[in-house]
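> Show me how the following folds:
(chains A and B, ligands or ions: 2)
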Amino acid sequence: MTQTRGDAAPDIDRGVRLAMYRSMLELREFEQRAYDMFMQDLIAGTSHLALGQEAIAAAFGVAMRSDDWTFCTYRGHAHTLARGASMTAAMAELMGRGKGLTGGKGGSMHLTSVEHGAMGSYAIVGAHLPIAAGAAWSAQARGTEQVAVCFFGDGATNIGAFHEALNLAATWKLPVVFVCENNLYMEYTPISAVTAVPRPAADRASAYGLDPILVDGNDADEMYRTALDALMRARAGEGPSLIEAVTYRKGGHSRADPGTYRPKEEVAAWMERDPIDRYRVLLLELGVSENELAEIERGAREAVDLATEEAKAAPLPGPDELERQVWRDGGAAWRN
Amino acid sequence: MAELTYRGAVAHGIAQEMERDDRVYFIGEDVAAAGGVFKTTGGLLERFGPERVRDTPISEEAIVGLVMGAAMTGLRPIGELMFSDFLATCWDIVANQIAKTRYMTDGQVELPLVLRTANGGGLRFGAQHSQSLENWAMAIPGLKVVAPSTPTDVVGLLAASVRDPDPVVFFEHKGLYAAKEDVPEGEIVDELGTAKIRREGDDLTIVALAAMVPRALEAAELLAAEHGISATVIDVRSLVPLDTRTILDSVRHTTRLATVEENPRLCGWGAEIVSIVAEECIWSLDGPVVRITTPHIPLPSASALEDLAIPSVNKIVESVTKMMV
Ligand SMILES: Cc1ncc(C[n+]2csc(CCOP(=O)(O)OP(=O)(O)O)c2C)c(N)n1
Ligand SMILES: [Mg+2]
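Numbering: from 1, shown residues only, chains lettered A, B, ... in the order given. Ligands and ions are numbered 1, 2, ... in the order given. Reported below is the predicted structural model:
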């Protein structure tokens, strides 16, 4: 399946690899914890987890420049944390606490940390593709060499905003990287059942004069190389990339969905391709010691433990928060 | 003083702001090389260059999304939607994204942007190119909503909108593009959330917006000359924020209220004003209020029908004389 042109990093630094491993583990531990807390009713509403898809967020998180921008979906905990957003504040947000990333106003589907370049999680399928293109337009206009990276699902490739954004970004050569995380399913329906082409993003690339890029989204090294290549091209003024990263959810679409609409054999085959298990084997092969890996694993777990405890201790948002931040003046007044 | 059309005031206002602030960019369909389908943006490309004044594909979601993404990352962009009716094709980005993102991110994301659009009927364009849609925008928390009625206000309110740190939907009335007046020399900057009293009277307050303002003024002259009724006419100008003080003060003085809305009947901005008056100064009223609106129909194309639908000077005079007996 690999078709990456990414030779930008034929040899990936040991430090980069360990950073990706640590990041994937943190995302895995965080999402697993979020699931457990949802099941214990400590988290209300909904949550869409990236369990199984961590390599994509982690690789980009490590490859991006700190002033680059991330735009992601309601399945955005991983993308937000991978940019360095506070785990405590993210967990507090899921729990509806006042110290949450967005003060309890956004919730699971809208995690945002502008100071880390996490420019928002968008819950209307496809809406953020043109918005990410707009950030890229601003970078182009101001000559800052910043890049906007936009993550979305396979389902988003069938919505109008996807096509509007790709055409405009390609025409204007905007520094934006579109990353389709093809996890084979929308909510419950397979993408293949409703799409005219077998590869929902890659097969559309040529319509916008772009190269088709299809990568194994569960291979962190391949994701990293692909990311570096696309980021470099965008920074150099060569325009957007459209990457289709094939991956799979470990669990259901959202909440407590057990995902029973997916054939057992398919699930089993994909569990064999878990991005973290695979990367662990690779790191051992590359000479990283068992001890060092265990240390990283413990570090990630402890970070999530600490974040959970801190989030649980955080206060609820006060009533005066309700009508704050509709406008720049901090309030919500619509009349005099 | 120089005479300027409402149409010319658009380019004048954009140019004033682009000159002042190099973060102001302007995009839309046919706006650059062609100067706009209503010829409102001619000369901007020549003056500010193809980087800052740019034609887009027919992709309303992309236009509005682009403006949003640029606004949150350091530009102060203006996007044009050729007809306000096309808001329906990108309403997600306007209503779900632009309006809500500041609140949802607890103020982390700022959106200093302006969406300009040609609004309103009277040009025989039929139901999909004639609507007055300011009520849609007014119904969504997080959007400021402006609709000028004069060339001077186009310049001043556009400047205020561009300088405002929050997203503004700026409704230009296409029936007013040919209107002319003397506009002051030099920079013009107005203030959002301020209504203007266009005519002072003692017997009733007529509240109007955009193209209904000149009609209300004409009706007021007829009411005075032929019926001995002296009307105050208030130009609302800005629906969000809404200058309720000016309206309430006037109603307390005149004791009667009529609204003139170029909108279908249900849930119009006039209903909101009537409800505020009912809640806050009902004891000042000496009689029922009247809302003059279009019937609750899509707008027809034929002149004979469209003229029946949109409140005319005669319709205003008739409705007011009936309410004042
Ligand atoms: C415009 C729109 N339509 C429908 C939905 C409801 N919905 C939420 S997630 C989802 C599935 C999206 O699938 P995909 O794009 O593959 O992303 P994934 O959830 O697999 O990451 C749907 C239909 C929505 N949020 N927005
Ligand atoms: Mg999917």
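> Buried ones in whichever strand or helix holds residue A:25, by neighbour count?
Applying DSSP states H and E as the criterion places residue A:25 in helix A:14-39. Neighbour-count burial for helix A:14-39, counted by 16 or more other Cβ atoms under 10 Å in any protein chain shown, picks out A:16-35, A:37-38. In short, each C-beta sits where N, CA and C put it, glycine included.
> likewise stretch B:285-297?
Neighbour-count burial for stretch B:285-297, counted by 16+ other Cβ under 10 Å, picks out B:285, B:289, B:290, B:291, B:292, B:293, B:294.
> ok, residue A:255 - contacts?
Counting by Cβ atoms under 8 Å, 6 or more residues apart in numbering or on different chains, residue A:255 touches A:38, A:46, A:47.
> What values do phi and psi take at the second one?
By that I understand residue A:46. Backbone dihedrals for residue A:46, given as degrees, to the nearest 10, come out at phi -140, psi 170.
> Report the rounded mean pLDDT for stretch B:223-233.
Across stretch B:223-233, pLDDT averages out at 98.
> which helices and strands does the helix holding residue A:25 pack with?
helix A:54-63, helix A:77-82, helix A:87-94, helix A:220-235, helix A:275-285, helix A:290-313 (3 or more Cβ pairs under 8 Å, 6 or more residues apart in numbering or on different chains; DSSP states H and E).
> Quick one: residues contacting residue 23.
No chain in the question, so chain A it is. A:54, A:57, A:58, A:61, A:62, A:82.
> was after chain B, sorry
B:74, B:75, B:76.
> On the three-state scheme, the first one is what?
The three-state label given to residue B:74 by DSSP: H, G, I helix; E, B strand; the rest coil is coil.
> Quick check, it in contact with residue A:135.
No - taking contacts as Cβ atoms under 8 Å, residue B:74 lies outside contact range of residue A:135: 9.1 Å.
> These two: which has the busier surroundings?
residue A:135 (34 against 16; other Cβ atoms under 10 Å in any protein chain shown).
> how many other residues sit next to residue 160?
All of this refers to chain A. Neighbours of residue A:160 under the rule other Cβ under 10 Å: 17.
> you looked at the wrong chain, it should be chain B
25.
> Then residue A:298?
Look at residue A:298: counted by other Cβ under 10 Å, it has 11 neighbours.
> separation between residue A:93 and residue B:143?
Distance of residue A:93 to residue B:143, given as Cβ to Cβ, to the nearest Å: 25 Å.
> before we move on, what about residue A:238?
To residue B:143, residue A:238 is 37 Å away according to Cβ to Cβ.
> the more surrounded of those two?
Using other Cβ under 10 Å, the more surrounded residue of residue A:238 and residue B:143 is residue B:143, with 24 against 12.
> Give me the pLDDT value at that one.
If you check residue B:143, the pLDDT there is 98.
> which residues of chain B fall in helices?
With helices called from DSSP state H, chain B shows them at B:6-20, B:44-52, B:60-71, B:91, B:101-104, B:134-138, B:151-163, B:212-227, B:244-254, B:269-281, B:303-309, B:313-323.
> Export the third one to CSV, keeping only CA atoms.
Extracted in CSV, the C-alpha atoms of helix B:60-71 (Å, rounded to 0.1, in the frame of the first residue of the first chain):
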residue,chain,number,x,y,z
GLU,B,60,-19.2,29.9,-1.1
GLU,B,61,-18.1,27.5,1.6
ALA,B,62,-14.5,28.1,0.5
ILE,B,63,-14.9,31.8,0.4
VAL,B,64,-16.4,32.0,3.9
GLY,B,65,-14.1,29.3,5.3
LEU,B,66,-11.1,31.1,3.9
VAL,B,67,-12.1,34.3,5.4
MET,B,68,-12.6,32.6,8.8
GLY,B,69,-9.3,30.8,8.7
ALA,B,70,-7.5,33.9,7.7
ALA,B,71,-9.2,36.0,10.4
